[in-house]
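*Asks:* Fold the following, please.
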Amino acid sequence: MTQKVQLTLTDDALQVIETSATERKRGEFVSGVLIDYARITAGISALGNDTDGILERIDNRLARIEKQLGFLLSR
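*Replies:* Numbers count the residues shown, from 1 in each chain. This next block holds a predicted model:
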């Protein structure tokens, strides 16, 4: 389900959105960013693919740890 909302953003935030997504995809981009942010701050990851091998799972886990560490260092 989608819902239309109105938000007030800083100029910097708006510039990031405008450079990262087309006008038609901005809502989808912001939704994805917010979901990723919530997962990073909570330490929760997306469900892995059961067909991935051990190296792919290690790589995915390392990527999640790097994102979380980057978030913590930026605070």
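*Asks:* Show me the helices in the protein, by range?
*Replies:* Using DSSP state H, the helices found in the chain span residues 11-20, 26-42, 54-74.
*Asks:* helices or strands up against the first one?
*Replies:* Read it as helix 11-20. Taking 3 or more C-beta pairs under 8 Å, 6 or more residues apart in numbering; DSSP states H and E as the contact definition, the neighbouring helices and strands of helix 11-20 are helix 26-42. Any C-beta I mention is one placed from the backbone N, CA and C, and that applies to glycine too.
*Asks:* Asp11: how many residues sit nearby?
*Replies:* Burial of Asp11 is recorded as 7 neighbouring residues (other C-beta atoms under 10 Å).
*Asks:* For the remainder of this discussion, apply numbering that starts at 460.
*Replies:* Yep, numbering from 460; the last one is Asp470 now.
*Asks:* Tell me the pLDDT of it.
*Replies:* According to the prediction, Asp470 has pLDDT 95.
*Asks:* ok, now Ala522?
*Replies:* Turning to Ala522, the model gives it a pLDDT of 86.
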